[in-house]
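**Student:** Sharing a model that was predicted from the sequence below.
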Amino acid sequence: HFRRFSKKIEKRRKTEKIWHTNNTDKSVYFIKSTKPSNNQIHQVMKNSFTSISAGFLAMFTVFTAGFANTALAAENSGSWSKAAFSTSGTWSIEGRTLTLTDFSTKSAPDLKIILSPHSVDDLQSRNAMTGAVIISPLKSNKGTQTYEIPENVDLADFESIGIHCQKYTKLFAKSSL
């Protein structure tokens, strides 16, 4: 169908004075007895540019949206506040890696690192697991250690990080994200 249409336009172009200009994804034809004015051509080009600009903006927005969590995560670090027991050391998140540096807390069974949607002020033993995500069981109650944050965990959904004993429902330490 396109070829037939193109042939008809070409034939008509020769008999009637039809001026043609390309407009990104479609062709624009001026059927006039004279060449189109500069204002008409300018309007077609302006409309094309607006469409192209909007498309690039949409692509850029989608492209950069994927980096938002990574950039946010790279800036996260802090120290522990006592909840039930004194805990020392610092934590940091770079990319999807959580690092506990010079970490020390009381030994207990079933200690876990959690991310909680509660603010650090509201986070307590009784609500620690409500809406929380377990990052990993704690490898040791002392020393520097690293953990991978699962890909399906969005850090923007959480306000605090904690050390929680799931067996005895006891929050050992907490910190704001």
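**Tutor:** Yes, it's here. Bear in mind the structure is a predicted one, so any value in this text is a computation, not a measurement.
**Student:** Now do the helices in this structure.
**Tutor:** Here the chain has its helices, by DSSP state H, at 2-15, 38-65, 68-74.
**Student:** Least confident of those helices, on average?
**Tutor:** Mean pLDDT is lowest for helix 68-74 among these, at a mean of 43.
**Student:** Flag the shaky bits of this structure, pLDDT-wise.
**Tutor:** Within the chain, the stretches falling below the threshold (pLDDT under 70) are 1-75.
**Student:** Neighbours of the nearest residue to T144 once chain neighbours are set aside, how many?
**Tutor:** Distance criterion C-beta to C-beta, 6 or more residues apart in numbering; nearest residue to T144, sequence neighbours excluded, is T101 at 5.1 Å. (Glycine included, C-beta is placed from N, CA and C.) As a burial measure, T101 scores 14 neighbours (other C-beta atoms under 10 Å).
**Student:** ok, T101 to A156 distance?
**Tutor:** 24 Å (C-beta to C-beta, to the nearest Å).
**Student:** Could you do I135 as well?
**Tutor:** Separation of I135 from A156 (C-beta to C-beta): 16 Å.
**Student:** Comparing those two, which residue is more hemmed in?
**Tutor:** Neighbour count, other C-beta under 10 Å: between I135 and A156, I135 has more, with 18 against 11.
**Student:** Tell me how many other residues crowd the nearest residue to that one once chain neighbours are set aside.
**Tutor:** Nearest non-adjacent residue to I135, counting by C-beta to C-beta, 6+ apart: I113, 4.3 Å away. Neighbours of I113 under the rule other C-beta under 10 Å: 21.
**Student:** What of P109?
**Tutor:** Neighbours of P109 under the rule other C-beta under 10 Å: 8.
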